[in-house]
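J.: For reference, the sequence and a predicted model appear below.
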Amino acid sequence: MSEMHWKDLKETDFSALKTLADLWGTYINDMTAQSETISEDVVNKHLSVDNYESETADDVRHQAELLADSLQDDLHEYAMVKIKATLEDAHDELVACQAQLFELIDTVTGSYRFEGGADDPYVVISDGHRERISNLDPDSDVMARVGVTETMLSGDPIYVQGLLLDGAQQIADEYGSVLQAIMTRAHNSDDQAAAILKSIVDTPAEQPPPLGATYDDLIDDYETADAERNRDFLHELASGESEATANGVNDWWTSLAEEERAALIESHPDLVGGLDGIPSGTRDGVNRDLLEAEIPALENQIANLETQIDHMEAGGSPYGAYDGKDLSELQAELSEAQGRLANAEALQTALANGSQSGAPLLLIDYDSGEDGKAVVSIGNPDTASHNAVYVPGTTADMQGVDGLIADAGVMQFDADKAGNGETAVTMWLDYDAPDGAYPGHSGDISPEAWETDQAEEARSSLNSYLDGLTATHDGEPHTTVLGHSYGSSVVGATAAEYQVEADQIIDFASPGLMVDTADELSVGGDNVYSSRADHDVINAAVSTGALGADPTGEFYGGNTFESDAIGSGPIDIHSGYLREDAEGNPNQARDTMAQIITGQQG
């Protein structure tokens, strides 16, 4: 694990990483030019058939071409993806963490100080601050925290000092949580960079066999392995075995020749369609083809299973085996296939319905299994001036995907009306949302929506998608990530764990963002915007603190905005933030969110 101390983060000049990345970029360009020289000048001109015609000359030309190709592959996979992109990502992450640390230092200086080692940093009350409290000369933040008034300062000094010290300690603990969050992100970045660079030593690139007596015996094996190299790398990326970031994926993908990309799409469309860092338009085409092919395949599977089950039941032996499976196994397969088909058809219908604004829908990812997952963008996120990523909450699943895409469409429509450039809004349901949280007939409440597990499991996937948006964008995108209900807990958990590629966070109807203060989120407290309507049923969850502090609370440290309570009751109000009232007036929260998404507020 990284042993970086907060003092190291404070004092290190990380510009050396950027300089080194730029030098690697120069080297890559120079060596790419040399590779092209080998292919164009040496092979096609000096060693051309016009000048040399023999079996040996053919072998030499072939060897030179293989060396040139191998050099280009290594430059992209190792020099660009694993070294240059790693150095750039580490620089960006660590500089961002350093800036947050400086901001925290400016905030605490004079009243608090940092203590602890690399793995246990914390914040304590400074001696001067303790002395001021002892002299009953506290600052206003401490007084407000524990409700001490000016009048109380002239009361029982021991009692008031105790209250003030408790308040100061609460603030110190919150600053400590922010410090720990900053250092966790810095450690993760340091560890990831070290692991990627170490992998280069552990897995050196293979080179073409040398010319000689065994050349003919080895060349076929090498060419077969070379043809599989991109496919193997694609598998590593898709499975998470590779340490490459979304930037690295994008560099690798764009470095491939058009025919190489086409071959990977043909052989492994499911892997290409689900990989962050590959352009959104490419993923949309691949995933639409997969969806179109999946529906008839599932219909055939269901028909075959129903036939097998009918034959088994007609034979009077429901416990016997058919095709190696008993009746219960066949029925389970049938149920799964029927669920997948229902999900796939629901997604296909939603895509056919289009968007409110007429902007195109891009199917960036999907999975028809179980409750279903889908990532659909209204507008192209690779070209939009503003990107918003909307994470829905409890009960979100594929059967309701049409409504979820419509909600994202409302946001995109509102942003279009707000102006200031093109906006794309992604409906991101790439996680297993809780199935319910409302009281049932027995009075029990589903524990899923009151626990952190599903939000924590979603963190790496959401962070990867945000990284991918930046990697595939033509320029620097302005990105806002939004969470409704439990979706805001997913957003908060992700921004607390990672230095997310987002400028702002919006949470509405939130039970909590999995942190105690907004400054624990990597976008910083000034860039967090929260709203909750009166009488929203989610207040029951907020009061427990199970998913973090109240983001609209006095000491949370973010921004708040107003929402109308649209709906016939607490449960209905919870879903009313993107609706209109009975007179056709849109919820006032919509205009505020559109202004934030388009960079006109905040």
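T.: That came in fine, so what should we check first?

J.: As a check, name the ranges of all strands in the stretch 1-150 of the chain.
T.: 112-115, 122-125 (DSSP state E, counting those that start in this stretch).

J.: Let me fix that, I meant to ask about the stretch 351-500 of the chain.
T.: Using DSSP E, counting those that start in this stretch, the strands found in the stretch 351-500 of the chain span residues 361-367, 373-378, 386-391, 423-429, 478-484.

J.: want to throw the ones you listed into TSV with distance to Arg590?
T.: Backbone N, C-alpha and C define where each C-beta goes, glycine included. Below are the strands of the stretch 351-500 of the chain laid out as TSV (distance: least, Cβ to Cβ, whole Å):
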stretch	distance to Arg590
strand 361-367	20
strand 373-378	15
strand 386-391	13
strand 423-429	12
strand 478-484	12
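
J.: Centre of the chain to the helix of greatest length in the chain, how far?
T.: In the chain, taking DSSP state H as the definition, the longest helix is helix 157-202. Its chain's C-alpha centre lies 22 Å from the corresponding centre of helix 157-202 when counted by Cα atoms, centre = their mean, to the nearest Å.

J.: Next: stretch 394-411.
T.: Offset of stretch 394-411 from its chain centre (Cα atoms, centre = their mean): 19 Å.

J.: cool, and stretch 540-558?
T.: Offset of stretch 540-558 from its chain centre (Cα atoms, centre = their mean): 24 Å.

J.: can you pull the buried residues of that stretch?
T.: Buried residues in stretch 540-558, counted by 16 or more other Cβ atoms under 10 Å: 541-542, 546-553, 556-558.

J.: and Asp519, how many neighbours?
T.: By the criterion of other Cβ atoms under 10 Å, Asp519 has 26 neighbours.

J.: so who does it touch?
T.: Shown in contact with Asp519 (Cβ atoms under 8 Å, 6 or more residues apart in numbering): 104, 174, 178, 525, 557.

J.: does Val537 count as helix, strand or coil?
T.: Following DSSP: H, G, I helix; E, B strand; the rest coil, the label given to Val537 is coil.

J.: how close does it sit to Ala565?
T.: To Ala565, Val537 is 11 Å away according to Cβ to Cβ, to the nearest Å.

J.: For the two, list the residues in contact with both.
T.: Ile573.

J.: For the stretch 451-600 of the chain, which residues score under the pLDDT cut-off?
T.: Nowhere does the stretch 451-600 of the chain drop to pLDDT under 70.

J.: What ranges does it have for its helices?
T.: Along the stretch 451-600 of the chain, the stretches classed as helices by DSSP state H, counting those that start in this stretch are 453-472, 486-497, 539-542, 570-574, 588-597.

J.: buried stuff in the first one?
T.: Of the residues in helix 453-472, those scored as buried under the neighbour-count criterion (16+ other Cβ under 10 Å) are 454-455, 458-459, 461-472.

J.: Then the last one?
T.: Residues of helix 588-597 classed as buried under the neighbour-count rule (16+ other Cβ under 10 Å) are 588-590, 592-597.

J.: now those as TSV including distance to Glu497?
T.: Shown next, in TSV, are the buried residues of helix 588-597 (distance: Cβ to Cβ, whole Å):
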residue	distance to Glu497
Gln588	32
Ala589	27
Arg590	30
Thr592	27
Met593	24
Ala594	28
Gln595	28
Ile596	23
Ile597	23
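
J.: Looking at those, spot the one nearest Glu77.
T.: Closest approach to Glu77 among the buried residues of helix 588-597 (Cβ to Cβ): Ile597, at 36.7 Å.

J.: My read is that the closest one contacts Ala424, right?
T.: No. Taking contacts as Cβ atoms under 8 Å, Ile597 lies outside contact range of Ala424: 10.1 Å.

J.: what touches both of these two?
T.: Common contact partners of Ile597 and Ala424 (Cβ under 8 Å, 6+ apart): 386, 388.

J.: Run a quick neighbour tally on the nearest residue to Val401 once chain neighbours are set aside.
T.: Leaving aside its sequence neighbours, Val401 sits nearest to Ala350 (Cβ to Cβ, 6 or more residues apart in numbering; 4.9 Å). By the criterion of other Cβ under 10 Å, Ala350 has 22 neighbours.

J.: How about Lys10?
T.: The local packing of Lys10 (other Cβ under 10 Å) involves 12 other residues.
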